[in-house]
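Asker: no sequence for this one, just the structure:
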């Protein structure tokens, strides 16, 4: 698979606030694994024996799949940065792009992606890390170079927290926009009998199969290719979807056909400033909000399907 490496160099009087804004800009077009280079320069010539010089220009690096949508995504990044620059006179930036391969990306990620605890009991680790963990930990092995998400982004972590809290005892899980299959994997590891993932990207199937093989899960899972739930015929007692809020709004129109009575629905990928509008749209459906979680400006919402004859 080929990729486009996107590097943004930027200066701002409020570097931390700007960093969160740029992370959100990249996340909204699906770039969930982001390398942030801040505080200090990586050039050893900038250091002496006593101290490191603070680096006033920070960088952010993400990767876009080099397909027919790549140009659109790069244009969205460019327009979003221009808009932010126009409203913040202190913000200065430059964008660099470079084509690279899957192997290039994997090698880049090995520099800084290591084992991380998503919750007190759920751990995500790449294959190149040795981590034994304790007997009560759930360890999920997944490599970011294989695409689509590692579980470390706030929107995914919020889903994981809800799955851990509410998923035990559920029988069938559906993940809409499953990507790497990370939420499917966690569903299986917390004891959900059957898990199904659906995604519009045909490459997902091989990625999910490889990740399930890494985690020694061989049965009671399936991957479907299709737009949202158009190819879904079964019903589920727990459904999760971690995608752009505009796509979640579209999903609302058809999600009820997939839900058992009293099913739980986890929606994530919602920026805090878009939460109110999304909640207004849920009112037209048989969904009752029962929980909410937030991390760094991202919101995840949990609903119960209130079935009416």
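Answerer: Cool, got the structure. Because the structure is predicted, anything quoted here is derived from the model rather than measured.
Asker: drop to CA atoms for contacts and neighbour counts, all remaining ones
Answerer: Will do.
Asker: Please pull out the lowest mean pLDDT helix or strand from this structure.
Answerer: Every helix and strand of the chain was ranked by mean pLDDT, DSSP states H and E. The lowest is helix 102-110, at a mean of 67.
Asker: Contacts for the helix or strand containing residue 123 next, please.
Answerer: Element membership of residue 123, judged by DSSP states H and E, is strand 122-125. If you take Cα atoms under 8 Å, 6 or more residues apart in numbering as the criterion, strand 122-125 is touched by 114-118, 131, 137-143, 150-152.
Asker: Listing partners with orientation, what would you give for that strand?
Answerer: Partners of strand 122-125 in the sheet, by DSSP bridges, are strand 116-117 (antiparallel), strand 138-141 (parallel).
Asker: Give me the below-cutoff pLDDT ranges for the chain.
Answerer: Within the chain, the ranges that satisfy pLDDT under 70 run 1, 32-33, 38-55, 102, 105-113, 144-152, 308-309.
Asker: Okay, buried residues for the biggest helix by length in it please.
Answerer: Looking across the chain with DSSP state H, the single longest helix is helix 70-87. Across helix 70-87, burial judged by 16 or more other Cα atoms under 10 Å covers 73, 74, 76, 77, 80, 81, 84.
Asker: which ones are touching the third one?
Answerer: In this structure, residue 76 makes contact with residue 29, judged by Cα under 8 Å, 6+ apart.
Asker: One more: the last one?
Answerer: Residues touching residue 84, when contacts are defined by Cα under 8 Å, 6+ apart, comprise residue 91.
Asker: Against residue 78, how distant is it?
Answerer: For residue 84, the distance to residue 78 (Cα to Cα, to the nearest Å) stands at 10 Å.
Asker: among the contacts of strand 122-125, which two are most distant?
Answerer: 137 and 143 (18.9 Å; Cα to Cα).
Asker: more crowded one of these two?
Answerer: Neighbour count, other Cα atoms under 10 Å: between residue 137 and residue 143, residue 143 has more, with 24 against 14.
Asker: where does the spatially closest residue to residue 278 that is not a sequence neighbour land in three-state SS?
Answerer: Computed as Cα to Cα, 6 or more residues apart in numbering, the closest residue to residue 278 that is not its neighbour in sequence is residue 249, at 6.8 Å. Following DSSP: H, G, I helix; E, B strand; the rest coil, residue 249 is assigned to helix.
Asker: burial measure for residue 249, as a count.
Answerer: Residue 249, neighbours per other Cα under 10 Å, totals 15.
Asker: unless I'm mixing things up, it is touching residue 281, no?
Answerer: Yes: judged on Cα atoms under 8 Å, residue 249 makes contact with residue 281 at a distance of 7.1 Å.
Asker: can you give me the strands in the protein?
Answerer: Taking DSSP state E as the test, the strands found in the chain are 2-11, 35-37, 58-65, 92-101, 116-117, 122-125, 138-141, 172-176, 194-199, 221-225, 236-242, 259-271, 287-295, 298-305.
Asker: closest to residue 28 out of these?
Answerer: Closest among the strands of the chain, using Cα to Cα: strand 259-271, at 8.0 Å.
Asker: List the buried residues for the closest one?
Answerer: For strand 259-271, burial by neighbour count (16+ other Cα under 10 Å) applies to 259, 260, 262, 263, 264, 265, 266, 267, 268, 269, 270, 271.
Asker: Tell me which residues are up against that strand.
Answerer: For strand 259-271, using Cα under 8 Å, 6+ apart, the contacting residues are 155-156, 158-159, 162, 235-245, 248, 297-307.
Asker: what are the pairing partners of it, and which direction each?
Answerer: Strand 259-271 pairs in its sheet with strand 236-242 (parallel), strand 298-305 (antiparallel), by DSSP bridges.
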